[in-house]
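let me see the structure of the following:
(2 chains)
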2 protein chains.
Amino acid sequence: MRIHNFNAGPAVLPEEVLKEVQQNIVDYKGNGLSVMEMSHRSVEYGEIIEGARAAMKRIMGLGDDYAALFLQGGASTQFLMVPLNFCPNDKVANYIDTGAWATKAWKEAKKIGKKYHIAASSEDKDFTYIPKTWELSDDPAYLHITTNNTIRGSEWKIDPDVPAGVTLIADMSSNFLSRPLNFKKYDLIYGGAQKNIGPAGATFVLIKKNMLDRINPGLPTMMDYKTHADKDSMFNTPPAFSIYVIGEVLKWIEKKGGLEALAVNNKEKADYLYNIFDNSDFYRGTVVPEDRSYMNVPFRLPTEELEKKFIAEAKTKDMIGLKGHRSVGGCRASIYNSLPMKAVQCLAQFMLDFERKNK
Amino acid sequence: MRIHNFNAGPAVLPEEVLKEVQQNIVDYKGNGLSVMEMSHRSVEYGEIIEGARAAMKRIMGLGDDYAALFLQGGASTQFLMVPLNFCPNDKVANYIDTGAWATKAWKEAKKIGKKYHIAASSEDKDFTYIPKTWELSDDPAYLHITTNNTIRGSEWKIDPDVPAGVTLIADMSSNFLSRPLNFKKYDLIYGGAQKNIGPAGATFVLIKKNMLDRINPGLPTMMDYKTHADKDSMFNTPPAFSIYVIGEVLKWIEKKGGLEALAVNNKEKADYLYNIFDNSDFYRGTVVPEDRSYMNVPFRLPTEELEKKFIAEAKTKDMIGLKGHRSVGGCRASIYNSLPMKAVQCLAQFMLDFERKNK
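Numbers count the residues shown, from 1 in each chain, chains lettered A, B, ... in the order given. Modelled structure (predicted):
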């Protein structure tokens, strides 16, 4: 029996992928060793990592002008690498602040002594919306956005326009490959794999190759994107197993029909829940309707007591991961690509029943 | 059929562990989800990571004065973090250089502008031995050693003495937990997991807690050991699956009788091969006998042609990973903890047969 897994990350993976991985965990395709035991320099592993790299770019519609890397350290390490590599001391790192992770991104630029500028922020209304306008500083090194806010449940519905010559960088950790975006607008895209495309332990980075010529000189080896791009993320041992599972998830995405098909499915799942908010004075969404995320659906009940009861009762019905992030409380359903429709239907039904019984 | 896997890393894992992992890869102990899908903040995952942490310290005989962390980025990232955290600008980072990875460690200190000093080096004889004496600089921030040299196949047989008050730091990537060491002599121990204790993607760090008070101020968040120690390596999402497998390998080590038992086994395995070198003018070890590694056994044949033939023929007999590192050529058998005795016996027999046929 598979539980209904609403975890925010690490999160649900496709059952087909788990079964495929299970088959290869002791003996990879009859080679007599586990995929975990393969040298990252072997021909067999080369096919795995190159396959994952190619599938990712194919799904995104990106060409040879982008490099696809698999690094370590999560988005938190990218918060450091981005300003370190791409904010020269005479320029200004620009950020749009849409909640906890977006805040951490600009705070890291500040911490390492870079000039920074908050081009827009939704903090004035407790991060319940995505800013629709922003003002860049003079001499912007780049504009950084967070395309989906895992904790607050807001999501950019457009790919922002920036003036010609301004670099656009996005943390896409929690909505990566959930629907088609105009990926080519972005010069650098990164995120932790553990939400939409794989297990924890790998960080995906898509970088426009012409960015590599603009990296600040003299960086520590492992903090320099060029180190990793020059060696196809094999400068040192990559997180080999996580990359293998990512490759299997990417195959699954292509089999499902790619981003267009996932988008339809993800919207349908999200609408099940948002429709309940819109027709209830018991459940309350926490984000303005036009900026609601298709991936993370936070909501409140009339009292914290009822929220506790809701989460506990859901668990008895095999639904887990419904507790909101500890920094904001409440409830949250994360409904990533791999979460089956029936899990959301089951949750929606439970929400209606719970409302009837507890109103 | 299990192949005989002499890979230098990622490397062989215990078959029992692989089978246990296989059972839990779709449904972890009946919880209805994969271990890869579990929230790192869940009670179940908490038991996994705390279990691994406790087992590691128990096996090493370390107490509450050490913190055990699981980070990302491999030893290469530690080459950066060590001087960043522990070399103040008015002190000197001391290194003993015993080959490629040891060289990379001091080069990173140099790259980030720290004062450094090579306290001893075996480069004069092409890294074929471990220096027996060394000379520290004035005002040493620490002495850094590499306890086993994966590429060259040399290993420290003692835990070096340092004057009172001098910090001792070791990269133990390739001989970690292979035999008892006086671990308490070291203030900081680190390494990539993918040789002796698990799959790629996790970096183990054992750090004496009083070191945390001496960290250079103002470091980037993810580069600061205190960030990770304060949150028990849960500041951000850890490489959760790799840590789970490490935990299973640590259970296996304890079941096998701990480091004393492994040491006996590892020495017996190594002796099979070194005895051949000592009784042959066909195979030639590349390290002085007293410094030979119990983990990585590099050797040469009379010609490069014969080496190629040796590696190719071995592969037809289900022995892989015998090619030396590309920087030094020749052959190398990595014979980590998990490599069964019978794999080494099989290799030894093949070596004798090959010598007879090709001499």
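
all helices for chain A, in order.
Using DSSP state H, the helices assigned to chain A run over residues A:15-24, A:43-60, A:74-86, A:100-111, A:225-230, A:240-256, A:258-278, A:304-316, A:341-358.

the first one vs helix A:240-256, what angle?
What it means is helix A:15-24. Here the directions of helix A:15-24 and helix A:240-256 differ by 140 degrees (axes from the mean of the first three to the mean of the last three C-alpha atoms, to 10 degrees).

shaky segments in the stretch 51-200 of chain A?
Regions of the stretch 51-200 of chain A meeting the criterion pLDDT under 70 are absent.

and it, which of its residues are near chain B?
With C-beta under 8 Å from any C-beta of the partner chain as the criterion, the stretch 51-200 of chain A meets chain B at residues A:72-77, A:79-80, A:84, A:108, A:111-112, A:192, A:194, A:199-200. Quick note: C-beta positions are derived from backbone N, CA and C, even for glycine.

which of those residues are buried?
A:72-77, A:79-80, A:84, A:108, A:111-112, A:192, A:194, A:199-200 (16 or more other C-beta atoms under 10 Å in any protein chain shown).

surely A:Lys193 meets A:Thr203?
Quick fix: residue A:193 reads Ala, not Lys. Yes - counting by C-beta atoms under 8 Å, A:Thr203 is a contact partner of A:Ala193 at 6.8 Å.

any idea how far the closest residue to A:Leu62 other than its chain neighbours lies from chain B?
The shortest distance from A:Leu62 to any non-neighbouring residue, by C-beta to C-beta, 6 or more residues apart in numbering or on different chains, is to A:Phe183 (5.9 Å). As judged by C-beta to the nearest C-beta, to the nearest Å, A:Phe183 and chain B stand 24 Å apart.

A:Phe183: neighbour count?
19 (other C-beta atoms under 10 Å in any protein chain shown).

and it, what is it in contact with?
A:60-62, A:189, A:206 (C-beta atoms under 8 Å, 6 or more residues apart in numbering or on different chains).

same question for A:Glu260.
Contacts of A:Glu260 (C-beta under 8 Å, 6+ apart): A:Pro180.

can you do 6 Å?
Contact analysis of A:Glu260 by C-beta atoms under 6 Å, 6 or more residues apart in numbering or on different chains lists nothing.

cool, and A:Ala333?
A:6, A:297, A:322.

including pLDDT, could these go into CSV?
Shown next, in CSV, are these (pLDDT from 0 to 100):
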residue, pLDDT
A:Phe6, 98
A:Val297, 98
A:Leu322, 98
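
so which of those is the closest to B:Tyr283?
A:Phe6 (59.0 Å; C-beta to C-beta).

contacting residues around the nearest residue to that closest one once chain neighbours are set aside?
Nearest non-adjacent residue to A:Phe6, counting by C-beta to C-beta, 6+ apart: A:Gly321, 3.9 Å away. Counting by C-beta under 6 Å, 6+ apart, A:Gly321 touches A:5-7.

who in the stretch 251-359 of chain A is up against chain B?
Residues of the stretch 251-359 of chain A found near chain B (C-beta under 6 Å from any C-beta of the partner chain): none.

one step back: among the contacts of A:Phe183, which two are most distant?
A:Gly61 and A:Ile189 (12.6 Å).

these two: who's more crowded?
A:Ile189 (24 against 13).

is it true that that one touches A:Ala170?
Yes - applying C-beta atoms under 6 Å, one finds A:Ile189 in contact with A:Ala170, separated by 5.4 Å.

what touches both of these two?
Common neighbours of A:Ile189 and A:Ala170 (C-beta under 6 Å, 6+ apart) do not exist.

and the residue nearest to A:Val17 when sequence neighbours are not counted, how many neighbours does it have?
The shortest distance from A:Val17 to any non-neighbouring residue, by C-beta to C-beta, 6+ apart, is to A:Glu248 (4.6 Å). Using other C-beta under 10 Å, A:Glu248 has 22 neighbouring residues.

so what's A:Glu248 scoring on pLDDT?
Looking at A:Glu248, its pLDDT is 98.

where's it relative to A:Phe176, distance?
As judged by C-beta to C-beta, to the nearest Å, A:Glu248 and A:Phe176 stand 16 Å apart.

likewise A:Thr303?
35 Å.

wait, A:Met319 sits on A:Asn5?
No - using C-beta under 6 Å, A:Met319 is not in contact with A:Asn5, being 8.4 Å away.

who has more neighbours out of these two?
A:Asn5 (26 against 19).

contacts only, for that one.
A:12, A:321, B:33, B:37.

at 10 Å instead, please
Residues near A:Asn5 by C-beta atoms under 10 Å, 6 or more residues apart in numbering or on different chains: A:11-13, A:318-321, A:334, A:336, A:338-340, A:343, B:31-34, B:37-39.

could you do A:Tyr28 as well?
A:34-38, A:44-45, A:48, A:244.

repeat the analysis, applying 6 Å as the threshold.
For A:Tyr28, the contact set (C-beta under 6 Å, 6+ apart) comprises A:Val35.

now the one 5 residues further on
If you count contacts by C-beta under 6 Å, 6+ apart, A:Leu33 has them with B:3, B:5.

where's it relative to B:Ala11, distance?
Counting by C-beta to C-beta, the gap from A:Leu33 to B:Ala11 is 10 Å.

and if you look at A:Val35?
13 Å.

go on, A:Lys114?
Distance from A:Lys114 to B:Ala11, by C-beta to C-beta: 40 Å.

give me the pLDDT value at A:Lys359.
At A:Lys359, pLDDT is 88.

can you report phi and psi for the closest residue to it other than its chain neighbours?
Nearest residue to A:Lys359, sequence neighbours excluded (C-beta to C-beta, 6+ apart): A:Phe282, at 5.7 Å. With angles defined as degrees, to the nearest 10, A:Phe282 sits at phi -100, psi -50.

follow-up on the earlier one: neighbour count winner among A:Lys114 and B:Ala11?
B:Ala11 (28 against 20).

can you name the residues that contact A:Lys267?
A:Lys267 touches A:Tyr294, counting by C-beta under 6 Å, 6+ apart.

and for the nearest residue to A:Phe127 once chain neighbours are set aside, the neighbour number?
Distance criterion C-beta to C-beta, 6+ apart; nearest residue to A:Phe127, sequence neighbours excluded, is A:Gly99 at 4.1 Å. Close neighbours of A:Gly99, defined as other C-beta under 10 Å, add up to 25.

just checking, A:Gly99 touches A:Asn148?
No - applying C-beta under 6 Å as the test, A:Gly99 and A:Asn148 come out as separate, 9.8 Å apart.

could you list the domains of chain A?
Split into domains by automatic domain parsing, chain A comes to A:15-255, A:258-358.

could I get these as TSV with distance to B:Pro238?
Output for those, formatted as TSV (distance: least, C-beta to C-beta, whole Å):
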stretch	distance to B:Pro238
domain A:15-255	7
domain A:258-358	17
